[in-house]
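Student: only the shape, not the letters, is given here:
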């Protein structure tokens, strides 16, 4: 695996892990991000954003620069990092009302995959899906997609309003909307659980490496499942 | 020290104003926008001129006329875009500390040559915080614009400073305003994915771009003023979502480029063509829809040198402010200890050490 560090403006570098082993790239990116977040001087290093194969490292350019940050990254990459040092992965059980007004694209996804709506739901609820990173907007959990036969195309024209709690799929990925926003992914259901609560610490309960297991509920059970997400 | 006082600042005419600060650095790690004053330089200067910490809460106005009345003498500074600043109708200077007497009305009108005005107040502006910042986050629904009649509380812990001979602050602190000459000159550095755009990169440099009407705190959309072609990605491989810096120049589709600003989502699946420098982002935070922008490529070393010059200027002004206030405080009330001002951060010109936790 090769590691590419590129300047990304006057106050950031991007570290990319180049390998065919996607899982290895992802683990390396998040290990680097965790190490830097644990060891950083908060005046100099502002933070890290880890995704699938890359980490954006942001810093205060009035206090440090690219060369110093690059040497810190070299140190981090040379560290033997204890895999068990972070908090252990959590599992979130997420109730979902599938189809109808809750999941307007369920039928469309079923037709596109050559499956019945029930089979799409069965695949989406089959096993826990791993969270890979925070996405936009509002840090929505970006999950591995269910074992559908094919990638799911995006909507040809994005929806201007997708509600918080919307459960969507696109490509080989899945997501739960943290806050209302426009969106171009296929919405197959909606959860009554609240992902983000401004009065709660930590603000966001989930982290990359956690798993989400979805289970179907009926629209009549919505109120019974309202409340915050907890793993 | 003077008796702690709680000033009430009543917003008579809110325009489009809110509590603001330099942003939520702890947000991006968990996928939240950074936010904060789009013109970071002017916001930091407004606080510096009144001896408040750069990152302290202050009031941001966008484009529209504003008026407020205070029930306690306050020391304030107004920076950012050019505007008419008056107290009970009498004209006041921008980019300098001014005394706002109890019972009088401050009006900031005709905001021009820029879009955003910052109102720094000496004291602690009371503000709700999320992850260490009061910056509004439109996606999370945190923070709100002021409503007419709303009251903003400021804790003031020192005697108000006034110039002893004329009763008004009368300093030459030399704070430099933004230079705006009808066209924004914006320095940019090459982005990490510039090679994907081949020779079409030339379409970015040396041409006039106009700021589009749908530009906001999330990002600015700009097209060529001469309707000429914009840079275009030459490869078609899939791009994985990656963290994107504030200032990233992207070309999503159509005939406009997109420059991400402080309200950006932290990840995106578009290649990064260029990145606006930190100094350039403050200037771009003042660009209005319809304004003309020209991009000037610079090296990261030049960009960092520009930023450090700006930070050193803020530091110098901060030093002069404390000297002036300390002298005046002892003139005004020799029995009292000088005005307590929080220490300004050192400008780190040659950082060479990392502290590890």
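Tutor: Ah, there it is. Keep in mind it's a predicted model, so treat the numbers as computed, not measured.
Student: is the closest residue to chain A within the stretch 201-350 of chain B in a helix, a strand, or coil?
Tutor: At 2.5 Å from chain A, residue B:265 is the closest residue in the stretch 201-350 of chain B, using CB to the nearest CB. No exception for glycine: its C-beta is placed from N, CA and C like everyone else's. Put simply, residue B:265 is coil when judged by DSSP: H, G, I helix; E, B strand; the rest coil.
Student: so the closest residue to residue A:177 other than its chain neighbours bridges to which residues?
Tutor: Nearest non-adjacent residue to residue A:177, counting by CB to CB, 6 or more residues apart in numbering or on different chains: residue A:166, 4.2 Å away. On the basis of DSSP bridges, residue A:166 is bridged to residue A:190.
Student: could you verify my assumption that residue A:166 touches residue A:192?
Tutor: No: between residue A:166 and residue A:192 there is no contact under CB atoms under 8 Å: 11.7 Å.
Student: so where's chain A uncertain?
Tutor: The model of chain A has pLDDT under 70 over residues A:81-86.
Student: what residues of stretch B:204-220 count as buried?
Tutor: In terms of neighbour count (16 or more other CB atoms under 10 Å in any protein chain shown), stretch B:204-220 has its buried residues at B:204, B:207, B:209-211, B:215, B:217-220.
Student: what's it in contact with?
Tutor: B:33, B:35, B:38, B:138, B:183, B:188, B:221-226, B:228, B:230-231, B:249, B:256-265, B:273-274, B:284, B:287-297 (CB atoms under 8 Å, 6 or more residues apart in numbering or on different chains).
Student: give me every residue in the stretch 1-150 of chain B lying close to chain A.
Tutor: Contact residues, the stretch 1-150 of chain B versus chain A (CB under 8 Å from any CB of the partner chain): B:25-26, B:28-33, B:130-131, B:139-142.
Student: on contacts alone, who are the packing partners of the strand or helix carrying residue B:43?
Tutor: With elements taken from DSSP states H and E, the one containing residue B:43 is helix B:40-49. If you count contacts as 3 or more CB pairs under 8 Å, 6 or more residues apart in numbering or on different chains; DSSP states H and E, helix B:40-49 packs onto strand B:58-62, strand B:74-87, strand B:105-121, helix B:278-284, helix B:300-332.
Student: nearest to residue A:140, out of those?
Tutor: Of all the helices and strands packed on helix B:40-49, helix B:278-284 sits nearest to residue A:140, with 25.7 Å by CB to CB.
Student: and that closest one, what does it pack onto?
Tutor: On a contact count with 3+ CB pairs under 8 Å, 6+ apart, helix B:278-284 meets helix B:40-49, strand B:183-190, helix B:300-332.
Student: what about 6 Å?
Tutor: Judged by 3 or more CB pairs under 6 Å, 6 or more residues apart in numbering or on different chains; DSSP states H and E, helix B:278-284 is in contact with strand B:183-190, helix B:300-332.
Student: quick one: average confidence on the shortest one?
Tutor: So that's strand B:183-190. Average pLDDT, strand B:183-190: 96.
Student: can you tell me what sits against that strand?
Tutor: Strand B:183-190 is contacted by residues A:9, B:274-277, B:280, B:283-284, B:287, B:292-298, B:300, B:303 when judged by CB atoms under 6 Å, 6 or more residues apart in numbering or on different chains.
Student: and it, which strands flank it?
Tutor: Sheet pairing of strand B:183-190 (DSSP bridges) gives strand B:274-276 (antiparallel), strand B:292-297 (parallel).
Student: list the buried ones in the host helix or strand of residue A:4?
Tutor: Residue A:4 belongs to strand A:2-7 when assigned by DSSP H and E. Residues of strand A:2-7 classed as buried: A:3, A:5-7 (neighbour count, 16+ other CB under 10 Å).
Student: and chain A, which residues reach chain B?
Tutor: Neighbours of chain B within chain A, by CB under 6 Å from any CB of the partner chain: A:6-12, A:14, A:39, A:41, A:46-47, A:49, A:51-54, A:56, A:61-65, A:134-139, A:179, A:198, A:204.
Student: for the helices and strands packed on helix B:40-49, which has the smallest mean pLDDT value?
Tutor: Across the helices and strands packed on helix B:40-49, the lowest-scoring stretch is helix B:300-332, with a mean of 89.
Student: tell me which other helices or strands that one touches.
Tutor: helix B:40-49, helix B:278-284.
Student: which of the ones you listed sits most buried?
Tutor: Using mean count of other CB atoms under 10 Å in any protein chain shown, the stretch among these with the largest mean neighbour count is helix B:40-49, at a mean of 27.
Student: in the sheet, who's paired with the residue most central in space within chain A?
Tutor: When CA atoms, centre = their mean is applied to chain A, the residue found nearest the centroid is residue A:142 (2.3 Å). Beta-bridge partners recorded for residue A:142 (DSSP bridges): residue A:133, residue A:175.
Student: hang on, it packs against residue A:135?
Tutor: Yes: under the criterion of CB atoms under 6 Å, residue A:142 makes contact with residue A:135 at 4.2 Å.
Student: between the helices and strands packed on helix B:40-49, which one is closest to residue A:18.
Tutor: Nearest to residue A:18 among these is helix B:300-332 (22.5 Å), distances taken as CB to CB.
Student: what about that closest one, distance to the chain center?
Tutor: 16 Å (CA atoms, centre = their mean, to the nearest Å).
Student: what do you get for stretch A:91-109?
Tutor: Offset of stretch A:91-109 from its chain centre (CA atoms, centre = their mean): 18 Å.
Student: in that stretch, what's buried?
Tutor: A:92, A:94-99, A:102-106, A:108-109.
Student: in a helix, residue A:131, correct?
Tutor: No: using three-state DSSP, the assignment for residue A:131 is strand, not a helix.
Student: how is the chain divided into domains?
Tutor: In the absence of a named chain, chain A is used. Annotated domains of chain A cover A:2-78, A:91-228 [automatic domain parsing].
Student: my bad, the chain I had in mind was chain B
Tutor: Taken from automatic domain parsing, chain B resolves into B:5-178+B:314-332, B:183-298.
Student: okay if I get those as JSON lines plus distance to residue A:148?
Tutor: Listed next are the domains of chain B as JSON lines, based on distance: least, CB to CB, whole Å:
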{"stretch": "domain B:5-178+B:314-332", "distance to residue A:148": "25"}
{"stretch": "domain B:183-298", "distance to residue A:148": "18"}
